[in-house]
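[1] heads up, no residue letters with this:
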């Protein structure tokens, strides 16, 4: 399993390293939005954990919090990126 994780790290670095900088922000904001799956998985794990299994409950809670921050951050980045392409309103001259 360790070899697979190391191989995934190298493949990920190579793939992300060859993405043009113009596409990097939309790609990352979309990837952050996909982390909603992490939130669903963490909620399922917390729901099935026994009440005395504090490790599962704490890790599930942290996964929900961090996954939510990542999803919200992805949408904020996407919103800011889309604002760059909207037409700016001209201010009235005095």
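    Here it is on my side, so go on. Remember, it's a predicted structure, so these values are computed and weren't measured experimentally.

[2] make it CA atoms for all contacts and neighbour counts henceforth
    OK.

[3] which residue comes closest to the residue nearest the centre of the chain once chain neighbours are left out?
    In the chain, the residue lying closest to the centroid (Cα atoms, centre = their mean) is residue 32, at 2.2 Å. Closest residue to residue 32 apart from its sequence neighbours, by Cα to Cα, 6 or more residues apart in numbering: residue 74 at 4.9 Å.

[4] would you mark the buried spots in whatever helix or strand the one you found lives in?
    Element membership for residue 74 (DSSP states H and E) is helix 54-84. Neighbour-count burial for helix 54-84 flags 56-57, 60-61, 63-64, 67-68, 70-72, 74, 77-78 (criterion: 16 or more other Cα atoms under 10 Å).

[5] picking up where we left off before, now do the residue nearest to the centre of the chain against residue 58, distance only.
    22 Å (Cα to Cα, to the nearest Å).

[6] what of residue 17?
    Distance from residue 17 to residue 58, by Cα to Cα: 34 Å.

[7] what of residue 20?
    Where residue 58 is concerned, residue 20 sits at a distance of 38 Å (Cα to Cα).

[8] so what touches stretch 59-69?
    35, 36, 38, 39, 42, 43, 45, 46 (Cα atoms under 8 Å, 6 or more residues apart in numbering).

[9] give me the pLDDT for the spatially closest residue to the fourth one that is not a sequence neighbour.
    In space, and not counting its chain neighbours, residue 39 is closest to residue 64: 5.0 Å by Cα to Cα, 6+ apart. Predicted confidence (pLDDT) at residue 64: the value is 91.

[10] ok, then the element right after the least confident helix or strand in the chain by mean pLDDT?
    Counting by mean pLDDT, DSSP states H and E, the chain has its least confident helix or strand at helix 21-33, which shows a mean of 70. As assigned by DSSP H and E, the chain's next helix or strand after helix 21-33 is helix 36-48.

[11] can you give the distance from that next one to the centre of its chain?
    Here helix 36-48 is found 15 Å from its chain centre; the criterion is Cα atoms, centre = their mean, to the nearest Å.
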